[in-house]
Structure formats: structure tokens, C-alpha cells
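A.B. asks: Here's a sequence, model it:
(one chain, ligands or ions: 1)
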Amino acid sequence: MTVDVGIIMGSQSDWATMKEAAAILDELGISHEARIVSAHRTPDRLWNYGKTAVGRGLKVIIAGAGGAAHLPGMMASKTRVPVIGVPVQTRALSGVDSLYSIVQMPKGFPVATMAIGSAGAANAGLMAAGILALSDPALGQRLDAWRAALSASIPEEPSDD
Ligand code: RP5
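C.D. replies: Modelled structure (predicted):
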């Protein structure tokens, strides 16, 4: 079965963060899969996932990892499918380690790096939706409606409750 978005992460422990991306994709009706693919613990799995990504029809890969977070960059080196990187928040260094591991890619192999943690994962889902909407007008309308609903939910005045 072809899916549009691959969500990959370095560990089971990343899922609490990365499921925020999956939730957005679910809300917008975008097909996706989630896999644990570690740059360090399962390098052959990473290699195989990247090597087969184009042929399998993946259009965007969202890659989240924490600490020495090499997964997004390594995936970008292995496939031309656009990679969105999510720095997972860590206990030792609050995710700054993850962010720095992901964001400074050398020229030639870009990773679109999101914010640290859950907001970054949710935004990765929205970024993937925006990319896919370029060639899917119906999805574009769903994304516009999602954005309008968020705007409408913001009160004009603060409350004490
Ligand atoms: C990274 O190491 C993973 O992406 C995860 O964020 C971090 C810690 O992994 P666990 O020790 O919780 O499996 O590879």
C-alpha cells in the first residue's frame, strides 16, 4: 500500500512527541506510516528505508530524534524525498543537542528543521500537508479550513479562567 508520508523516529521513546505529527496527518486525511528507524542502533534499516523511499511513493519524510540526532540528516543523504526534521526534547540538554544535531546540514543535503518537541512535531505534520497540498487542491481546502479554525479559536481578550 502506498502512503504519502513516512514518520520515522530513533526510538520508541520518541513516539510521545512524534505522534503529534501523526495526529495532524490524521486530522487532514493524509496517509502515513510510523516506523522506528535508528541511525545508530539500526543503520541497515535506515539505509533500506532511504533507498526504497522514492520507489515506494513516499512524498515527504518526517524524521524525529533526540540527543546525537543523526537520523534526519542521514535520511536526507540517502533519498531525495524531502525530509522534515524534528528535534526531540531531551532530559540532559533540553533538546538543544537534538536541534544542533539536525539543523546545520552541509550544502547539498537539506533538512527542514522544526522547533524542539511537540510543537515541532505538529508543525512537521502541517509542513508536510502544505507540501502535499501544492498538488492536491482538496487537501489545500482542508488545510485552509484547519488554519481558519485555529485562528477563530483564539480569543480577542485574555480571561482569568
Ligand atoms: C535517540 O536517542 C532517539 O531518537 C531518542 O530520542 C534518544 C534516546 O533513546 P532511548 O534511549 O530512549 O531509546 O537515538
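A.B. asks: and the gap between the residue most central in space within the chain and residue 143?
C.D. replies: By CA atoms, centre = their mean, the chain has its centre lying nearest to residue 62, at 2.9 Å. Counting by CB to CB, to the nearest Å, the gap from residue 62 to residue 143 is 16 Å. Just so you know, the C-beta spots here come from the backbone N, C-alpha and C atoms, and that holds for glycine as well.
A.B. asks: and if you look at residue 98?
C.D. replies: Taken as CB to CB, the span from residue 98 to residue 143 is 27 Å.
A.B. asks: Ok, residue 64 next?
C.D. replies: Separation of residue 64 from residue 143 (CB to CB): 21 Å.
A.B. asks: And residue 112, by the same measure?
C.D. replies: On the measure of CB to CB, residue 112 and residue 143 end up 17 Å apart.
A.B. asks: And for residue 8?
C.D. replies: 23 Å.
A.B. asks: who's more crowded, the two?
C.D. replies: residue 8 (27 against 20; other CB atoms under 10 Å).
A.B. asks: So what does that one have for phi and psi?
C.D. replies: phi -120, psi 150 (degrees, to the nearest 10).
A.B. asks: Give me the nearest residue to it, chain neighbours excluded.
C.D. replies: Distance criterion CB to CB, 6 or more residues apart in numbering; nearest residue to residue 8, sequence neighbours excluded, is residue 37 at 4.3 Å.
A.B. asks: Check residue 103 too.
C.D. replies: Per CB to CB, 6+ apart, closest to residue 103 is residue 113, 4.3 Å.
A.B. asks: what's the answer for residue 72, then?
C.D. replies: What sits nearest to residue 72 in space, not counting adjacent residues and going by CB to CB, 6+ apart, is residue 85, at 3.4 Å.
A.B. asks: Please consider this matter closed, and thank you.
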